[in-house]
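Participant: need a structure here:
(one chain, ligands or ions: 2)
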Amino acid sequence: MSEPLFEKVALVGIGLIGSSLARVIRRNNLAGHIAISTRSPDTLKRAEELGLGDSYATDAAHAARDADLVIVSVPVGASEAVAKQIAPALKEGAILTDVGSTKTSVITQMQPHVPEGVHFIPGHPLAGTEKSGPDAGFAELFENRWCIFTPLPDTDPDALEKLSEFWRRCGANIDTMDAAHHDMTLAIVSHLPHIIAYNIVGTADDLQTVTKSEVIKYSASGFRDFTRLAASDPTMWRDVCLHNKDAILEMLARFSEDLASLQRAIRWGDGEKLFDLFTRTRAVRRSIIEAGQEVDAPNFGRQAVEHPAKS
Ligand SMILES: NC(=O)c1ccc[n+]([C@@H]2O[C@H](COP(=O)([O-])OP(=O)(O)OC[C@H]3O[C@@H](n4cnc5c(N)ncnc54)[C@H](O)[C@@H]3O)[C@@H](O)[C@H]2O)c1
Ligand SMILES: O=C(O)C(=O)C[C@]1(C(=O)O)C=C[C@@H](O)C=C1
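Facilitator: Numbering: from 1, shown residues only. Ligands and ions are numbered 1, 2, ... in the order given. Next up, the predicted model:
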């Protein structure tokens with residue numbers, strides 16, 4: 001077993017992502033000490049029962065004190081409050097990072113509070129499930145998944161390399177891009193699919209006459225796939241929508257135009273147009289499989305068996 005990469009890692013927020021980090025840090029011996037903090041005493045107690053860390057505090061500053069690496073894993077709307085809380089405790093030379101699903105807003109919220117001498121490197125692991133809370137995490141979550149960094153112009157390359165090595169040892173592949181590009185890309189590949197899922201399941205639920213009977217009884221696998229995404233954490237996704245508003249609205253506008261065109265093809269019986277589109281989109285899935293990316297959401301199946309999640 002190699003030497004720990006960091007003496008002390010502080011995890012602020014111990015839900016799905018924070019607790020998955022705690023588990024993989026422990027399993028792969030990435031830290032000498034894991035300090036856990038979350039604002040809810042009940043969640044903290046549960047983290048302690050699960051033995052996720054070495055010390056526990058509801059005060060994030062207490063956990064962050066003397067830490068070499070601080071990872072903020074809270075809903076993106078709470079980023080500024082957390083940054084303000086931990087700033088006075090951060091030590092010179094520490095690396096401060098996050099896992100938030102949006103990046104421009106997190107940078108705007110956190111950067112003004114980061115003290116001189118602390119390396120702030122925003123990050124986002126593209127790995128998750130629809131579950132939340134400390135029971136939901138598992139050490140394999142980040143395996144063969146991307147972790148994207150959106151470094152700032154003055155980011156120290158050595159700190160970036162050290163954080164990259166940390167995530168590689170968690171199983172992830174690393175990429176970097178600017179925050180605006182990240183937000184636009186994630187709007188189409190992650191945020192829109194969730195919004196569409198929330199919307200279609202909401203529409204089905206509004207059809208009161210069928211909901212309690214036919215929708216549940218006959219839900220085919222296509223609809224079931226949507227219900228998984230639509231079961232994702234409401235706080236997290238409210239914050240994603242509010243904090244990546246411009247990119248999401250841009251992608252929704254394009255989506256709506258394309259949907260109107262599809263609607264028109266169906267109305268006018270334009271089979272050729274429908275066939276061409278469906279052929280093109282089938283090729284997209286094949287490209288994902290050929291690129292070696294997992295497409296069948298293996299995480300949530302495996303996790304559901306091993307760690308029945310509390311939501
Ligand atoms: N769930 C996913 O699929 C996924 C994937 C990648 C990134 N993310 C991002 O990771 C972050 C955490 O998501 P999660 O799925 O682990 O959520 P979660 O709901 O499972 O956990 C969130 C944690 O943050 C804590 N928290 C909430 N507000 C807080 C505050 N003000 N101060 C301190 N702690 C606070 C909660 O107690 C909990 O421990 C979010 O920013 C999300 O966008 C989520
Ligand atoms: O697999 C899922 O359930 C997810 O929602 C994970 C997912 C995604 O859209 O791929 C969700 C949000 C994140 O920021 C990153 C990953």
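Participant: CA-only coordinates of stretch 232-239, as CSV, when you get a sec.
Facilitator: Extracted in CSV, the C-alpha atoms of stretch 232-239 (Å, rounded to 0.1, in the frame of the first residue of the first chain):
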residue,chain,number,x,y,z
SER,A,232,-32.8,12.4,-7.9
ASP,A,233,-32.4,14.8,-5.0
PRO,A,234,-34.7,17.8,-5.2
THR,A,235,-32.4,20.2,-3.4
MET,A,236,-29.4,19.3,-5.6
TRP,A,237,-31.4,19.7,-8.8
ARG,A,238,-33.2,22.9,-7.7
ASP,A,239,-29.7,24.4,-7.2
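Participant: when you scan it, is anything in it near ligand 1?
Facilitator: Yes - against ligand 1, stretch 232-239 shows contacts by C-beta under 6 Å from any ligand atom at Asp233, Met236. Every residue, glycine included, has its C-beta placed from N, CA and C.
Participant: and stretch 6-24, which residues are buried?
Facilitator: 6, 8-24 (16 or more other C-beta atoms under 10 Å).
Participant: List the contacts of the residue of the stretch 151-300 of the chain found nearest ligand 2.
Facilitator: Nearest residue of the stretch 151-300 of the chain to ligand 2: Ser190, at 3.3 Å (C-beta to the nearest ligand atom). With contact taken as C-beta atoms under 8 Å, 6 or more residues apart in numbering, Ser190 is in contact with Ser101, Leu126.
Participant: For it, give its distance to Ile289.
Facilitator: 19 Å (C-beta to C-beta, to the nearest Å).
Participant: Thr102 now?
Facilitator: Thr102 is 28 Å from Ile289, by C-beta to C-beta.
Participant: And the strands in the chain, which stretches?
Facilitator: Counting by DSSP state E, one finds strands in the chain at the ranges 6-12, 31-37, 55-57, 69-72, 95-98, 119-121, 123-125, 146-149, 173-176.
Participant: from the buried residues of stretch 6-24, which are also near ligand 1?
Facilitator: Filtered for proximity to ligand 1 (C-beta under 6 Å from any ligand atom), the buried residues of stretch 6-24 shrink to Val12, Gly13, Ile14, Gly15, Leu16, Ile17, Gly18.
Participant: Specify which member of those residues is nearest to Leu30.
Facilitator: Using C-beta to C-beta, Gly18 comes nearest to Leu30 of these, at 14.2 Å.
Participant: Could I get the contacting residues of the closest one?
Facilitator: By C-beta under 8 Å, 6+ apart, the residues touching Gly18 are Leu11, Val12, Ile36, Thr38, Ile71, Ser73, Val99, Pro134, Gly137.
Participant: now Lys84
Facilitator: His113.
Participant: Mind pulling the model confidence for it?
Facilitator: As predicted, Lys84 sits at a pLDDT of 98.
Participant: now it: how far from His113?
Facilitator: Lys84 sits 5 Å away from His113, going by C-beta to C-beta.
Participant: pLDDT for the ones next to ligand 1 among the buried residues of stretch 6-24 - can I get that in CSV?
Facilitator: Shown next, in CSV, are those (pLDDT from 0 to 100):
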residue, pLDDT
Val12, 98
Gly13, 98
Ile14, 98
Gly15, 98
Leu16, 98
Ile17, 98
Gly18, 98
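Participant: In helices, which of the residues you listed fall?
Facilitator: Of these, the ones assigned to helices by DSSP state H are Leu16, Ile17, Gly18.
Participant: near ligand 2 too, which of those?
Facilitator: Among these, no residue sits close to ligand 2 (C-beta under 6 Å from any ligand atom).
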